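> below: sequence and its predicted model.
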Amino acid sequence: MNKKDKLRWGILGAARINERLLPAIVEAGNADLIAMASRRPGAASQMLGLYAPESQGVQLYDDPEALLGDARVQAIYLPMANREHAEWVIRAIKHGKHVLCEKPMALAVSDIDAIAAAAREHKVTVMEGFMYRFHPQHLRVMELLTSGLIGDIRSVRASYSFMMRPARMYRLAESEARGGGAMWDIGCYAIHSLRMFFEQLPLSVMAMAKYVESGADNAMYGVLDFGDGRFAQFDFSFERARRSEYEIIGAKGGLKCHVVWQLPGDVPVVSWWTEDGKQVEERLPAANHFRLEIEHFSDCVLNDKAPLLTLQDARENCQVINSALQSAAEGRVIRF
């Protein structure tokens with residue numbers, strides 16, 4: 001594959017997630033990392049040296065706006081602070097760049113509407129970066145569900161957590177309104193993965209949370225009501241052992257994805273059982289969902305395809321997140 005068959009990428013920010021995404025861009029067969037920027041002098045160079053030391057010819061900037069002005073860059077990966085996502089996505093769009101924005105796309109539905117309008121005007125592709133959706137284990141889950149193995153879905157549970165370390169305390173330094181807290185960091189995975197199994201917005205949400213001094217949520221539990229006795233439970237926390245799993249219960253059995261946050265060498269496990277006594281544990285091939293996400297987005301831009309994760313999907317996830325935050329803050333059921 002020559003360079004004309006590759007999407008030319010720039011990274012806008014030196015966030016910790018670059019430990020996974022920067023090598024993924026370098027390793028992707030249809031991507032070419034050509035630029036990286038950070039407002040912290042030397043941070044972009046440091047990241048490149050740590051996670052892609054053999055990369056050559058990458059232009060480094062200490063000004064993100066300068067990277068956006070680089071006409072060679074076709075697509076941007078944006079891992080800035082949550083509260084900055086919407087502003088910088090729109091800036092990148094206005095420079096004619098395609099954008100893969102790290103989750104969450106924005107903190108308000110109105111911002112996603114503005115992003116969608118700008119993307120239409122400038123004819124660029126924009127996608128929210130939920131990397132987990134590109135792991136083949138979820139395709140296997142969908143195959144099992146559509147086969148009718150466990151019958152009609154009646155409930156889903158999603159659980160995400162890890163113990164907060166001192167180096168990551170910045171996630172609790174700001175209020176929810178400014179993108180701080182567990183919901184905007186890991187709870188968005190829970191909401192997103194639950195929504196994957198229901199083809200509609202929920203009817204209502206009820207949530208409870210624990211807060212820290214900044215006003216950020218440190219843990220939350222809640223229930224989404226999808227009607228007709230179909231419920232989805234979510235829980236996530238910064239003060240609990242690591243967990244990233246979902247479980248689906250149907251009329252005839254159940255199914256579980258044991259680890260959603262897969263590392264490249266991990267062996268995925270999907271297990272299922274049925275009312276007639278079958279119990280199966282499937283061990284699937286390892287895969288790098290970060291690289292697969294980059295390859296998917298690059299393919300969409302290069303070949304004019306619609307991305308798997310649409311801006312409507314981002315809009316609905318943001319709507320459910322904000323309703324859950326409102327429910328926890330006000331102690332009442334929020335109806336859609």
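Thanks, I have it. Residues are numbered from 1 along each chain as shown.
> contacting residues for the closest residue to residue 63 other than its chain neighbours?
Of all residues beyond its chain neighbours, the one nearest residue 63 is residue 37 (6.5 Å), with distances taken as Cβ to Cβ, 6 or more residues apart in numbering. All C-beta atoms are positioned from the backbone trio N, CA, C, and that covers glycine. Residue 37 makes contacts with 10, 11, 12, 13, 44, 60, 61, 62, 63, 64, 66, 67, as judged by Cβ atoms under 8 Å, 6 or more residues apart in numbering.
> burial count for the third one?
So that's residue 12. 31 (other Cβ atoms under 10 Å).
> would you confirm that residue 259 contacts residue 271?
No - assessed by Cβ atoms under 8 Å, residue 259 is found out of contact with residue 271, at 11.5 Å.
> secondary structure element for residue 219?
Residue 219 belongs to strand 217-225 when elements are defined using DSSP states H and E.
> list the strands paired with that strand, with their directions.
Here strand 217-225 is paired, per DSSP bridges, with strand 204-211 (antiparallel), strand 231-237 (antiparallel).
> after the last one, next one along is what?
Same thing as strand 231-237. Sequence order places strand 243-250 as the next helix or strand after strand 231-237, per DSSP H and E.
> okay, that following strand in PDB with CA atoms only?
The C-alpha coordinates for strand 243-250 follow below in PDB (Å, rounded to 0.1, in the frame of the first residue of the first chain):
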ATOM      1  CA  ARG A 243     -14.300  -4.200  35.700                       C
ATOM      2  CA  SER A 244     -15.600  -3.700  32.100                       C
ATOM      3  CA  GLU A 245     -18.300  -6.200  31.300                       C
ATOM      4  CA  TYR A 246     -21.900  -6.400  30.100                       C
ATOM      5  CA  GLU A 247     -24.500  -9.200  30.600                       C
ATOM      6  CA  ILE A 248     -27.600  -9.700  28.600                       C
ATOM      7  CA  ILE A 249     -30.600 -11.800  29.900                       C
ATOM      8  CA  GLY A 250     -33.200 -13.000  27.400                       C
END
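> packing partners of it?
helix 136-146, strand 153-161, helix 188-195, strand 253-257 (3 or more Cβ pairs under 8 Å, 6 or more residues apart in numbering; DSSP states H and E).
> now it: mean pLDDT?
Averaging pLDDT along strand 243-250 yields 98.
> run the chain-centre distance for it.
Centroid separation for strand 243-250 versus its chain: 17 Å, with Cα atoms, centre = their mean, to the nearest Å.
> phi, psi of residue 172?
Main-chain torsions, residue 172, degrees, to the nearest 10: phi -110, psi 10.
> so it is in contact with residue 183, correct?
No - if you go by Cβ under 8 Å, residue 172 and residue 183 don't touch, sitting 11.6 Å apart.
> compare neighbour counts for the two and give me the winner.
residue 183 (27 against 21).
> correct me if wrong: that one contacts residue 176.
Yes - between residue 183 and residue 176 there is a contact under Cβ under 8 Å: 6.6 Å.
> overlap in contacts, the two.
Counting by Cβ under 8 Å, 6+ apart, the shared contacts of residue 183 and residue 176 are 217, 325.
> sorry, back to before: now the strand holding residue 219: average pLDDT?
On average, strand 217-225 scores 97.
> do stretch 323-334 as well
Mean predicted lDDT for stretch 323-334 stands at 98.
> out of residue 259 and residue 271, which sits in the more crowded spot?
Shown here are residue 259 and residue 271; by other Cβ under 10 Å, residue 259 has more neighbours (18 against 15).
> which residues does the more buried one contact?
Residues near residue 259 by Cβ under 8 Å, 6+ apart: 244, 245, 266, 268, 269.
> again with residue 113
If you count contacts by Cβ under 8 Å, 6+ apart, residue 113 has them with residue 315.
> report the secondary structure element holding it.
With DSSP H and E as criterion, residue 113 is part of helix 109-122.
> do residue 151 as well
Using DSSP H and E, residue 151 falls within no helix or strand.
> pretty sure it contacts residue 255?
No - contact criterion Cβ under 8 Å: residue 151 and residue 255 do not qualify, at 10.8 Å.
> of those two, who's got more company?
Counted by other Cβ under 10 Å, residue 151 and residue 255 do not tie: residue 255 has more neighbours, with 24 against 15.
> what's near enough to touch that one?
Going by Cβ under 8 Å, 6+ apart, residue 255 touches 141, 144, 145, 149, 150, 247, 248, 270, 271, 272.
> which one of those residues is nearest residue 199?
For these, the minimum distance to residue 199 (Cβ to Cβ) is 12.1 Å, reached by residue 145.
> against residue 272, how distant is the closest one?
Shown here: residue 145 relative to residue 272, a distance of 10 Å by Cβ to Cβ, to the nearest Å.
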